[in-house]
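**Q** pasted the sequence and its predicted model underneath.
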Amino acid sequence: MPFQRPAFRADKLTAARNAAGLSRATVADRLGVARSRVHAWETGEATPHARHIPALARLLGVAATTYAPGDDLRARRYRAGLTQAEAAAQVGAARPEWSRWESGLRIPDRHAAAVARLLSS
């Protein structure tokens, strides 16, 4: 299965940035990315890396669910700002195993509590 990021609400990013009175350049500077990258996120040409979602939410004063809706494992990990490898390492699993969980495989009991704690926000 090819890599997939969760759905990203580009329109919500633009609205929140405008409501906060920030320019694309300011957002880009504070996140350490190019202004063109913020433009690509807002137009839907690109999707932010997971590490940018929590930072965008804090910067613009909105919940991470604004940009990455859904309650599936992939969306929850994305909102937490974690890659599959980072999330897997934090719960003591391998990245391919985490990937299978995101594809619908049941999370084993030995990892379920750790996954719940990690993504509880």
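**A** Great, that's in hand.
**Q** ok, now which ones touch Q84?
**A** R77, R95, W98, S99, E102 (Cβ atoms under 8 Å, 6 or more residues apart in numbering). The way it works is simple: take the backbone N, C-alpha and C, and place the C-beta from them, glycine included.
**Q** likewise I107?
**A** So I107 contacts L73, W101, V115 (Cβ under 8 Å, 6+ apart).
**Q** and it, helix, strand or coil?
**A** Each residue gets one of three states, and I107 gets coil by DSSP: H, G, I helix; E, B strand; the rest coil.
**Q** what's the spacing between it and N18?
**A** As for I107, its distance to N18 is 39 Å (criterion: Cβ to Cβ, to the nearest Å).
**Q** where's D29 relative to L59, distance?
**A** According to Cβ to Cβ, D29 and L59 sit 11 Å apart.
**Q** quick one: which of the two has more around it?
**A** When D29 and L59 are compared on other Cβ atoms under 10 Å, the one with more neighbours turns out to be L59, at 17 against 14.
**Q** who's the closest spatial neighbour of the more buried one, skipping the chain neighbours?
**A** R30 (5.7 Å; Cβ to Cβ, 6 or more residues apart in numbering).
**Q** which stretch of helix or strand covers that neighbour?
**A** Element membership of R30 [criterion: DSSP states H and E] is helix 24-31.
**Q** packing partners of that helix?
**A** In terms of contacts (3 or more Cβ pairs under 8 Å, 6 or more residues apart in numbering; DSSP states H and E), helix 24-31 is packed against helix 35-43, helix 52-60.
**Q** average pLDDT for it?
**A** Averaged over helix 24-31, pLDDT sits at 97.
**Q** and E97, how far from H111?
**A** 8 Å.
**Q** over to R76?
**A** 14 Å.
**Q** the more surrounded of these two?
**A** R76 (23 against 17).
**Q** give me the below-cutoff pLDDT ranges for this protein.
**A** Within the chain, the ranges that satisfy pLDDT under 70 run 1-6, 121.
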